[in-house]
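**Student:** When you get a sec, could you give me coordinates for this:
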Amino acid sequence: MRTIIPRLLNGVTMYRLMIYYLAALVVAAFALALAGKLFVTPLALAFSLLVITASCWLTNRGFGYLLRLPLNRESVYITALILALVMPAAAPTDPQAVAALVLASVAAIASKFLLTIGHKHIFNPVALGAVASGVLVGVPAVWWVSGNPVMLVLVMLGGLLVTKKVQRFDMLAVYLLANLAAIGLVTPPAMLGTALRQGLLYSPLFFAGFAMLTEPMTAAHGKYARLVYGAIVGALTAPGVHIGSFFFSPQIAFLVGNLFAWVASPKGRFRMTLLRVEKIAADCYEFIFHPDRRLDFLPGQYLDWTLAVPAPDSRGNRRAFTIASAPGEDHVRLGVKFYPDSSAFKRQLSALRPGDAIYGSQIAGTFTLPRDADQKLLFIAGGIGITPFRSMIQHLLNRGERRDVILLYGNRRIDDIAYAELLERARREIGLRVAHVISDDPAERHNHHSGFIDAGIMLREAPDIAERLVFISGPQPMVSKFRRMLQRCGVPRRNVRTDFFPGF
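**Tutor:** Predicted coordinates:
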């Protein structure tokens, strides 16, 4: 099990995993409905899912056509599945209930295009759709997915996989604690036990946390901002929390949290126009874009990239990639490694020509240089994992800033080394120390380390490794291996930083 789960999580994107999670819940709900274990009927559930999915899909296609924007197909199905699990199931003979489903679906998808600032939507689509249905039609969300013990078990199991994938256990924990604390504050002591039991077993607490709190586009980014975001949503989701005569619901709690996230997080959606493509290593290319406005980011942060892919595969048409350029530069650089069996997204990316566009949003990531310029650093990169370090090194070069930095860069062949000229320039101008490690080329072809980066090489190149802040960027199996290796080398866990994309 310890090896199966990581392989499962590494094999799918966050968006595709969420679709599998929600679809499994719908299938389980349908089976329970057939067995008479849910208060919804199989016909109403199937009809509601059809109405919601069709409404979401048509709305998304319509806005995409009118605004000429690339569409993320997976997000449509995620929104539809969540709505089907929280809105009251409608029979074909109940026009008010059917109208509520259509309104919630249209409002949810339309909010992604209309309720935007800097071309980025502000509110969680499901939350906004549920509020619109309750206010305009008088049919609020009932969160029926949370009312059955079997469904709760499935919600928990799948939700933990999602949370592990996006690595947001800290935000989820704060959300849960804030919810329980709020219940304790608003509930009379004599009823506290019952209230806590209801909150943990029969409320939307867990499903809302797993399926909606982890949604990256409207959540806060940055370690402390996301904890505050989780606390706000968790506290306001608690039953009985109110201001005067106004009582909060889970959907209202998310809208309030989304407003905080928008204030606290980088904003905007950027249209990137391709200027040129440069080869930086074997099968590695750098795409150089001109953004429609200046990006405000820290070296090492990443961006969500959305591309119009006519026939997307299971990995969809959205990716998180590190920004390879340095802050303050006029152009945005994206370094990509291509393989013979590359995804549909990468195939479409490779087909871009100067003048074509791609869209970026959600600048995020904590894989950034420490503020203390005296802190010793060790960078460990594998293959195209050099891109965040390219941003950092170029930033130091632009500032003429010398830091005590050692880079261990592992590749299969000499020809795989990316940004070789930049690394050489950094060695001359700011004292960067670079050690290349080549695994496949014979030793007589180069004067670098042969084999793979191991504890011996790390200690040889950085004998003071325990004093250094260590940054690791590369394929996930490589990152996991080095975390264990660094622990054996005496590096405290708090001194290890890993590059992480929540949507990858």
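**Student:** quick one: low-confidence ranges for this structure?
**Tutor:** 1-12, 118-119, 266-268, 314, 500-504 (pLDDT under 70).
**Student:** does D415 really touch A281, like I thought?
**Tutor:** Yes - applying C-beta atoms under 8 Å, one finds D415 in contact with A281, separated by 6.5 Å. Heads up, the C-betas are built off the backbone N, CA and C, glycines and all.
**Student:** Of these two, give the one with the bigger neighbour count.
**Tutor:** A281 (21 against 13; other C-beta atoms under 10 Å).
**Student:** Any buried residues in the longest helix seen in the chain, and which?
**Tutor:** As assigned by DSSP state H, the longest helix anywhere in the chain is helix 42-67. By neighbour count on 16 or more other C-beta atoms under 10 Å, the buried set for helix 42-67 is 42, 44-45, 47-49, 51-53, 55-57, 59-60, 63-64.
**Student:** ditto for stretch 246-265
**Tutor:** In stretch 246-265, counting by 16+ other C-beta under 10 Å, buried: 248-255, 257-258, 260-262, 264-265.
**Student:** and those, which of them are in helices?
**Tutor:** Per DSSP H, the buried residues of stretch 246-265 map to helices at P250, Q251, I252, A253, F254, L255, G257, N258, F260, A261, W262, A264.
**Student:** Now do the last one against L161, distance only.
**Tutor:** A264 sits at a distance of 27 Å from L161 (criterion: C-beta to C-beta, to the nearest Å).
**Student:** Are we agreed that I358 is in a helix?
**Tutor:** No - read with DSSP: H, G, I helix; E, B strand; the rest coil, I358 is strand and lies in no helix.
**Student:** That one contacts T306, doesn't it?
**Tutor:** Yes - counting by C-beta under 8 Å, I358 does reach T306; the two are 7.1 Å apart.
**Student:** Now do the shared contacts for those two.
**Tutor:** The contact sets of I358 and T306 overlap at P70 (C-beta atoms under 8 Å, 6 or more residues apart in numbering).
**Student:** For the longest helix of the chain, enumerate the helices and strands it packs against.
**Tutor:** helix 14-34, helix 73-86, helix 95-114 (3 or more C-beta pairs under 8 Å, 6 or more residues apart in numbering; DSSP states H and E).
**Student:** Now do the contacts for M171.
**Tutor:** M171 sits next to L213, T214, A219, R226, L227, Y229, G230 when contact means C-beta under 8 Å, 6+ apart.
**Student:** Now name the helix or strand holding it.
**Tutor:** helix 169-186 (DSSP states H and E).
**Student:** Now whichever helix or strand comes after that helix: buried residues?
**Tutor:** With elements assigned by DSSP H and E, the helix or strand that comes after helix 169-186 is helix 192-201. Across helix 192-201, burial judged by 16+ other C-beta under 10 Å covers A195, G199.
**Student:** for this structure, longest strand please?
**Tutor:** Scanning the chain for the strand with the most residues, using DSSP state E, yields strand 269-281.
**Student:** strands paired with it, and their directions?
**Tutor:** strand 284-291 (antiparallel), strand 357-364 (antiparallel) (DSSP bridges).
**Student:** Any figure for the gap between the residue of the chain positioned farthest from its centre and I438?
**Tutor:** What lies farthest from the middle of the chain is E444; by C-alpha atoms, centre = their mean that is 43.2 Å. Going from E444 to I438 by C-beta to C-beta gives 11 Å.
**Student:** same question, L152
**Tutor:** Taking C-beta to C-beta, one finds L152 at 52 Å from I438.
**Student:** And those two? Which one has more around it.
**Tutor:** Between L152 and I438, I438 has the larger neighbour count (other C-beta under 10 Å), namely 24 against 17.
**Student:** returning to that earlier point: and the buried ones among the contacts of M171, selectable in ChimeraX?
**Tutor:** Buried residues within those, by 16+ other C-beta under 10 Å, are selected in ChimeraX with:
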select :213,214,219,226,227,229,230
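**Student:** Let me have the contacts of M171 in TSV, extended by secondary structure and distance to F345.
**Tutor:** Formatted as TSV, those follow (DSSP: H, G, I helix; E, B strand; the rest coil; distance: C-beta to C-beta, whole Å):
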residue	secondary structure	distance to F345
L213	helix	26
T214	coil	22
A219	coil	23
R226	helix	26
L227	helix	32
Y229	helix	29
G230	helix	30
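**Student:** Using TSV, lay out the contacts of M171 together with distance to R371.
**Tutor:** What follows is those, written out as TSV (distance: C-beta to C-beta, whole Å):
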residue	distance to R371
L213	29
T214	29
A219	25
R226	20
L227	20
Y229	23
G230	25
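**Student:** between the contacts of M171, which is closest to R493?
**Tutor:** Using C-beta to C-beta, L227 is the member of the contacts of M171 that lies nearest R493, at 19.2 Å.
**Student:** Quick one: residues contacting that closest one.
**Tutor:** So L227 contacts D170, M171, V174 (C-beta under 8 Å, 6+ apart).
**Student:** What distance do you get for T187 to T93?
**Tutor:** 40 Å.
**Student:** who's more crowded, these two?
**Tutor:** T187 (19 against 8).
**Student:** residues contacting that one?
**Tutor:** A195, G240.
**Student:** rerun at 6 Å
**Tutor:** The neighbourhood of T187, defined by C-beta atoms under 6 Å, 6 or more residues apart in numbering, consists of A195.
**Student:** From N411, how far out is it?
**Tutor:** Distance of T187 to N411, computed by C-beta to C-beta: 59 Å.
**Student:** before we move on, back to that, how far does the longest helix of the chain sit from the chain's center?
**Tutor:** 24 Å (C-alpha atoms, centre = their mean, to the nearest Å).
**Student:** Give me the angle between that helix and helix 73-86.
**Tutor:** 150 degrees (axes from the mean of the first three to the mean of the last three C-alpha atoms, to 10 degrees).
**Student:** by how many degrees do helix 42-67 and helix 14-34 diverge?
**Tutor:** 150 degrees.
**Student:** tell me the angle of helix 42-67 relative to helix 95-114?
**Tutor:** Using the same axes, to 10 degrees: helix 42-67 against helix 95-114 is 30 degrees.
**Student:** ok, back up a step: contacting residues around the longest strand of the chain?
**Tutor:** 119-120, 285-292, 332, 352, 354, 356-361, 416-418.
**Student:** Quick check on these: which are buried?
**Tutor:** Buried, going by 16+ other C-beta under 10 Å: 119-120, 285-289, 291, 332, 357-361, 416-418, out of the contacts of strand 269-281.
**Student:** Quick check: the gap between the residue lying closest to R493 once chain neighbours are set aside and S480.
**Tutor:** The shortest distance from R493 to any non-neighbouring residue, by C-beta to C-beta, 6 or more residues apart in numbering, is to Q487 (6.7 Å). For Q487, the distance to S480 equals 11 Å [C-beta to C-beta].
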